[in-house]
Each structure stands twice: as structure tokens, then as C-alpha cells.
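S.K.: I would like to see how this sequence folds:
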Amino acid sequence: MQYLSDINFELLNKLNSLFEKRFNKICENILRASAEQGPFGIALLEALQAELPKTECSNCGSCCNSISFFSIEYHRIIRDLMNRLSSDQLKKMLQDALNIKNRLAETDLESDKENEKRIRCTFRKQESKVCAIHPVRPFPCRFFGLKKADGKRECQYVREIEPWEPKNDEIFSKLQERIALNSESHLVFPDTEEITFFPFEFWLFRYSLGVENALKIYREIIIPSSTPLSKFWESKLSPS
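M.R.: Residues are numbered from 1 along each chain as shown. Down below sits the predicted model:
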């Protein structure tokens with residue numbers, strides 16, 4: 001499915017031009033949406049994430065790519081940034097996040113048989129090796145590298161700080177199912193089911209430019225920029 005692998009650079013360039021012209025208004029829309037969301041669901045989110053063990057790793061940053069998560073996790077991130085950053089710092093972070101073109105990359109992980117396309121995470125500062133949202137990072141970041149019931153890990157450099165011996169892997173899906181009930185869902189393609197998990201970039205566009213514009217950007221820019229997302233949707237759209 002070629003349309004899942006070809007980035008619409010014309011649309012991407014139009015977005016960059018729009019951001020330059022209307023950046024302050026776009027920022028205002030983004031911040032207002034999360035402020036109006038309020039603390040709804042955040043206490044539950046924090047309680048569920050507290051059920052996972054704390055971890056440490058080599059801090060190489062190889063896994064720090066754009067990932068998909070729930071709307072309630074997005075609002076928690078934005079509200080945290082609003083509380084911690086100055087106005088100028090917040091605008092700079094949003095400006096970097098909106099500029100997808102500057103974060104297009106390919107993986108160089110040794111485990112990959114071939115390089116894969118990714119959008120690098122806007123919150124990972126490679127020079128300082130700091131994650132700007134580590135205390136409020138979403139579930140996928142917390143899951144990555146945790147020991148599974150069979151003893152295997154997605155990353156050999158991650159270790160739990162406290163004892164962690166899961167009896168099965170259902171804990172991962174059950175935690176997310178409870179959060180999904182408090183999050184938005186959207187239909188990406190006809191004849192598919194609505195999904196509740198989208199990259200941070202989608203949520204930014206959803207709350208600044210509206211749902212339909214965000215879905216178009218997701219289909220034509222974000223999916224083709226990410227090999228995992230392309231493969232996910234190819235499996236959903238391929239005839240069974």
C-alpha cells in the first residue's frame with residue numbers, strides 16, 4: 001500500500017508555513033484544550049502507572065521515538081509542561097514538536113535487520129540525554145524493556161530497580177484498557193475500528209487544527225514517517 005509509505009511533503013510544507021503565520025493562535029488552542037480538560041482521569045492514570053516498577057537503563061536514547069498513547073496521557077503531559085515551564089520555554093517546546101520535518105529519522109539499532117523510519121521524540125534532548133517529561137511519560141515508555149512473563153525483554157539495557165516477576169503479560173493490556181475508557185477514540189480509515197492511541201503529534205494537531213485535519217495529517221504524514229505505524233495499518237487494511 002504505497003500511500004502508507006509516501007509522505008505528503010506538500011502538506012508538510014503547508015503545515016510549516018501555517019505554523020509560522022499562526023503559531024501564537026495554535027499554541028493558545030493547544031493550551032486551552034488541556035486546561036479545560038482539567039484533572040479528569042489523571043488520578044486514575046497515576047494510580048495505574050504506579051503499579052509498574054521503576055526502571056533504569058543505559059540512557060542511549062535509541063528507543064526515544066514518537067509513540068502512540070491515549071488522549072488522557074497527552075493532556076497530562078501538556079498540563080505538566082504548563083505548570084513547570086515559562087511561557088517562552090513552553091512555546092519553544094511546542095514549536096519543536098509541531099515541526100515534524102526536523103525529526104524525521106531512521107533507526108540504527110543493532111537488532112534491526114534494516115533501518116526503519118521513525119519520528120524522533122520531541123522530548124528527548126540527545127545532547128544532554130534528558131527526557132523533558134520523564135515523570136509523566138506515557139505507558140509505552142514505561143512498558144518498554146520490562147521483563148515479560150517468559151523472561152524476555154525488548155531492550156537488554158533496561159532493568160527494574162525493584163523486584164518484578166509478572167505471572168503473565170495481561171497486566172500490560174489490562175492497565176491500558178482501563179485508561180482507554182477515559183480517552184478519545186477516532187476512525188482513521190473506513191471499514192476499520194476506531195482507535196484510542198495516537199502519537200503526541202496527532203493530539204497536538206487534533207487540539208489545534210481540529211479532528212479532520214489531524215486525521216489527514218496522521219494518514220498522510222505521520223503514518224508514512226513511521227515504519228511501525230505503516231506496518232500496523234497495512235495489517236489492518238490488507239484483505240484477510
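S.K.: By residue count, which helix of this protein is the longest?
M.R.: Criterion DSSP state H: the longest helix present in the chain is helix 9-37.
S.K.: May I see the buried residues of that helix?
M.R.: Neighbour counts using 16 or more other CB atoms under 10 Å place Leu12, Leu15, Phe19, Ile26, Cys27, Ile30, Leu31, Ala33, Ser34, Gln37 of helix 9-37 among the buried residues. (Each C-beta comes from the backbone N, C-alpha and C, glycine too.)
S.K.: hmm, which helix or strand of this protein has the shakiest average pLDDT?
M.R.: Ranking every helix and strand in the chain by mean pLDDT, DSSP states H and E puts strand 104-106 at the bottom, with a mean of 85.
S.K.: what about that strand, distance to the chain center?
M.R.: 15 Å (CA atoms, centre = their mean, to the nearest Å).
S.K.: Neighbouring strands of that strand in the sheet, and parallel or not?
M.R.: Using DSSP bridges, strand 104-106 pairs in its sheet with strand 117-119 (antiparallel).
S.K.: quick one: contacts of the strand it pairs with?
M.R.: 65-66, 100, 103-107, 199, 201, 222, 224-227, 230 (CB atoms under 8 Å, 6 or more residues apart in numbering).
S.K.: Quick one: mean pLDDT for the next helix or strand after it?
M.R.: Scanning forward in sequence from strand 117-119 by DSSP states H and E, the next helix or strand is strand 124-125. The pLDDT scores in strand 124-125 average 88.
S.K.: ok now strand 124-125, how far from the chain's centre?
M.R.: So, by CA atoms, centre = their mean, the centroid of strand 124-125 is 14 Å from its chain's centroid.
S.K.: same thing with stretch 125-140?
M.R.: That offset, for stretch 125-140, works out to 12 Å (CA atoms, centre = their mean).
S.K.: That one: which residues count as buried?
M.R.: Cys131, Ala132, Ile133, Val136, Arg137, Pro138, Phe139.
S.K.: can you give me the helices for the protein?
M.R.: All helices of the chain, identified by DSSP H, fall at 9-37, 42-49, 71-84, 87-98, 139-143, 170-180, 200-209, 211-217, 227-237.
S.K.: Those helices: which one's closest to Arg159?
M.R.: Closest of these to Arg159 is helix 139-143, at 13.9 Å (criterion: CB to CB).
S.K.: Across the sheet, point out what pairs with Lys117.
M.R.: Glu106.
S.K.: I'd like to know how many residues surround it.
M.R.: For Lys117, the neighbour count with other CB atoms under 10 Å is 18.
S.K.: just Gln156 next, same as before
M.R.: Neighbours of Gln156 (other CB under 10 Å): 11.
S.K.: Quick one: neighbours of the spatially closest residue to Arg118 that is not a sequence neighbour, just the number.
M.R.: Using CB to CB, 6 or more residues apart in numbering and skipping the chain neighbours, the partner closest in space to Arg118 is Asn65 (4.1 Å). For Asn65, the neighbour count with other CB under 10 Å is 20.
S.K.: so how far is Arg103 from Asn65?
M.R.: For Asn65, the distance to Arg103 equals 9 Å [CB to CB, to the nearest Å].
S.K.: now swap in Asp96 and tell me
M.R.: 8 Å.
S.K.: go on, Ser230?
M.R.: 17 Å.
S.K.: could you list every residue that touches Ile217?
M.R.: Going by CB under 8 Å, 6+ apart, Ile217 touches Leu11, Leu15, Glu201, Phe202, Phe205, Leu209.
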